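Engineer: Here is my input; please provide its structure:
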Amino acid sequence: MIRMRRVLLAIAALPFLITGHASAHMVAKPVSWTFEDARYGSVLVYDDATDARRPGLLMVPAWFGVNENAIRKAEGIAGQRYVILLTDMYGATIRPKDTAGARDAVSPLLADRPMMRRRIAFALARFRALASQAPIDTARLAAIGYCFGGAAVLDLARSGADIAAVVAFHGNLSTDDPTLAHAIRAHVLAMNGADDTTTSPQFDGFLAEMRGSPAPWQFLALGHAVHCFTEKEATAPTGLCRYDARADAWSSMMMRAWLDASFPAQ
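Structural biologist: Residues are numbered from 1 along each chain as shown. Alright, predicted model coming up:
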């Protein structure tokens, strides 16, 4: 009888749940700016079912950049919890279609880290300015990045950016100047696959660098995971770049906990 009552209550609640879900509307609004003679095309992502101000996340996607997969990923992260600026780091005319194109897009930025820091710092300034157009709580800003995007947001932290936190997923951990860690103000969380042969040679250097940071930081090596563990498009059953549902879920949970702990109390 108790089990049947629970079933009936769940059925009775379905119209409310369906109505609530149907009323939600995820916005994916193009946002552009010009910086150092180039135009950039980013996307502002949030749920407009509520006008409550919420934390803002500057999100830099993996090396294929701003595309439909990255937008869908941003929507899944945003929910009604965050406003996300899915950030273009390449320029609006550069949209890699394959691995070779992606490598060509990221190479100039990894070779010129001051340029990468200038670009992402400008994107953060533009994000702050969007608070008049979207329900962003500018007192609670953070940055998250995936693969190449992880390198970008870590460099944002190294620039001394005034944000609460940075979270990097299977990111490039290298730096052109380890002493920049002394300038870090954001709480840094980096999560990489323990079996990621792409980034594992960087682990020791990153740990040594971060020991020089005055800010709170954590580095997590996720067991059995390789590179790309959050990228659902990386469907090969074997290889150096492979989605891992368990690592994806754990790292997402850790991100939310890290952000909640890092944002100032309301």
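
Engineer: count of neighbours near I184?
Structural biologist: 24 (other Cβ atoms under 10 Å). Heads up, the C-betas are built off the backbone N, CA and C, glycines and all.

Engineer: wait, it sits on P214?
Structural biologist: Yes. I184 is in contact with P214 according to Cβ atoms under 8 Å; the separation is 7.1 Å.

Engineer: From S251, how far out is A221?
Structural biologist: Distance of A221 to S251, computed by Cβ to Cβ, to the nearest Å: 11 Å.

Engineer: Also T175?
Structural biologist: 22 Å.

Engineer: And for T93?
Structural biologist: As judged by Cβ to Cβ, T93 and S251 stand 32 Å apart.

Engineer: Looking at those two, which one has more neighbours?
Structural biologist: S251 (23 against 9).

Engineer: what about I71, helix or strand, and which?
Structural biologist: helix 68-78 (DSSP states H and E).

Engineer: quick one: buried residues of that helix?
Structural biologist: By 16 or more other Cβ atoms under 10 Å, the buried positions in helix 68-78 come out as 70-71, 73-75, 77-78.

Engineer: Repeat that for stretch 116-136.
Structural biologist: Quick answer for stretch 116-136 (16+ other Cβ under 10 Å): 116-117, 119-124, 126-128, 130, 134-136.

Engineer: Among the residues you listed, which one lies nearest to D51?
Structural biologist: Of all these, P135 has the smallest distance to D51: 5.5 Å, by Cβ to Cβ.

Engineer: what's the pLDDT at the closest one?
Structural biologist: We have a pLDDT of 97 for P135.

Engineer: Which residues are in contact with it?
Structural biologist: 46, 50-54, 83 (Cβ atoms under 8 Å, 6 or more residues apart in numbering).

Engineer: now do S200
Structural biologist: By Cβ under 8 Å, 6+ apart, the neighbours of S200 are 192, 194.

Engineer: just checking, D260 is part of a helix?
Structural biologist: Yes. Assignment of D260 by DSSP: H, G, I helix; E, B strand; the rest coil places it within a helix.

Engineer: residues near it, how many?
Structural biologist: Quick note: D260 (other Cβ under 10 Å) scores 11 neighbours.

Engineer: Likewise for M253?
Structural biologist: 10.

Engineer: same thing with the one 5 residues further on?
Structural biologist: W258 is flanked by 23 other residues according to other Cβ under 10 Å.

Engineer: Next: T34.
Structural biologist: When counting by other Cβ under 10 Å, one arrives at 10 neighbours for T34.

Engineer: swap in R185?
Structural biologist: 16.

Engineer: same check, this time on the one 10 residues further on
Structural biologist: Neighbourhood size, D195 [other Cβ under 10 Å]: 17.

Engineer: Just to be sure, G41 is in a strand?
Structural biologist: Yes. Using three-state DSSP, the assignment for G41 is a strand.

Engineer: which ones are touching the nearest residue to it once chain neighbours are set aside?
Structural biologist: Spatial nearest neighbour of G41, chain neighbours left out: A92 (3.7 Å); criterion: Cβ to Cβ, 6 or more residues apart in numbering. A92 makes contact with 32, 38-41 under the criterion Cβ under 8 Å, 6+ apart.

Engineer: With K232 instead?
Structural biologist: 69, 73, 243, 248.

Engineer: Let's see that with 10 Å instead.
Structural biologist: K232 makes contacts with 69, 72-73, 76, 243, 245, 248, as judged by Cβ atoms under 10 Å, 6 or more residues apart in numbering.

Engineer: which SSE is it in?
Structural biologist: Take DSSP H and E as the rule and K232 turns out to sit in neither a helix nor a strand.

Engineer: Would you quantify the distance from it to I184?
Structural biologist: Counting by Cβ to Cβ, the gap from K232 to I184 is 31 Å.

Engineer: Look up phi and psi at the spatially most central residue of the chain.
Structural biologist: The residue lying closest to the centre of the chain (Cα atoms, centre = their mean) is I144, at 2.7 Å. Main-chain dihedrals, I144, degrees, to the nearest 10: phi -130, psi 150.
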